[in-house]
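> my questions are about this predicted structure, shown below with the sequence.
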Amino acid sequence: MALGLIGKKVGMTRLFDQESGAMVPVTVIDVKGNTFAQIKTEEKDGYNAIQVAFDAQKESRVAKPQAGHFKKLGIQPTKLLKEFRVEASELPAEGAEDPGVDLFSAGQWVDVIGTSKGKGFQGAMRRHNFHGSPAAHGSMMHLFHPRPRLEEPEDARTDGQCQAHGAEPEGRRRSSGR
C-alpha cells in the first residue's frame, strides 16, 4: 500500500485543455494540514506504517485516550488520524517534512475514497424522486390507494406487519434515514 493524504473537498471548478479547447471538470481538495504523527517500524512495532494526522481539533473535544496519544507524540490533537501501511523503503527519514501535494507527480492516477455529507431522514419524494398524486381536477385518491393483488399467493411478501409475511420487502423504495 502506498502513502496517502487526507483531504477535504473544497468544491468544483473547471480547467481548459489548450490543445483541444475542451473543458475538463475538476474537484478541488484541500490537503494542507497533513502531518506525520508517527512512523512505525518493523523493529519497534512489528510492521511498517505511517500515521497521518489531519484537521486540527480542540483538545477538549478529543477523547482522553486519544489526547494522551497526541501528547505523547508532541503534536496538536486532530479530528482524523489514519494509518497507511508502507514498505520499509517507503518510510520517510526521521524529521522529514510533512506530506503535501508534492507527494504526487503531474498526471499520476490516484485512488480517492470519500464520505458523503449525509442528508438525514428524507421522504420518499425527495429520496427517490416520486412524483406524488395529481394536484388538479379533484384528488381522486380512491384510484391511488394500494389495493390487494388477487394474483399473488397468500404468503407473498406484503407491506403490512399484520399480514402473512409481515416483513418489508428488500429494496422497497420508502422514506428513510440511511
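Nice, thanks for sending it over.
> just give me the longest helix of the protein.
helix 64-73 (DSSP state H).
> would you quantify the distance from the closest residue to residue 173 other than its chain neighbours to residue 176?
Setting aside the residues directly before and after it, residue 173 is nearest to residue 128 in space (C-beta to C-beta, 6 or more residues apart in numbering), at 4.4 Å. Placement of C-beta: from N, CA and C, glycine included. Applying C-beta to C-beta, to the nearest Å, the value for residue 128 to residue 176 is 10 Å.
> next: residue 9.
If you go by C-beta to C-beta, the gap between residue 9 and residue 176 works out to 25 Å.
> same thing with residue 129?
On the measure of C-beta to C-beta, residue 129 and residue 176 end up 14 Å apart.
> looking at these two, which one has more neighbours?
Set residue 129 next to residue 176 and count neighbours by other C-beta atoms under 10 Å: residue 176 wins out with 12 against 8.
> the more buried one is in contact with residue 122, isn't it?
Yes. Checked against C-beta atoms under 8 Å, the pair residue 176 and residue 122 is within contact range at 7.3 Å.
> now do the strands in this structure.
Applying DSSP state E to the chain gives strands spanning 8-16, 23-30, 35-40, 49-56, 78-85.
> identify whichever of those lies nearest to residue 72.
Closest to residue 72 of the strands of the chain, according to C-beta to C-beta: strand 35-40, at 9.1 Å.
> just to revisit the earlier point, so which of the strands of the chain gets nearest residue 63?
strand 78-85 (11.3 Å).
> which residues are contacting that closest one?
1-4, 6, 35, 37, 40, 47-57, 66, 69-70 (C-beta atoms under 8 Å, 6 or more residues apart in numbering).
> 7 Å - rerun?
1, 3-4, 6, 37, 47-57 (C-beta atoms under 7 Å, 6 or more residues apart in numbering).
> can you say which of those are buried?
Among the contacts of strand 78-85, the ones that count as buried by 16 or more other C-beta atoms under 10 Å are 3-4, 6, 37, 48-54, 57.
> any idea how far residue 38 is from residue 76?
From residue 38 to residue 76 the distance is 14 Å (C-beta to C-beta).
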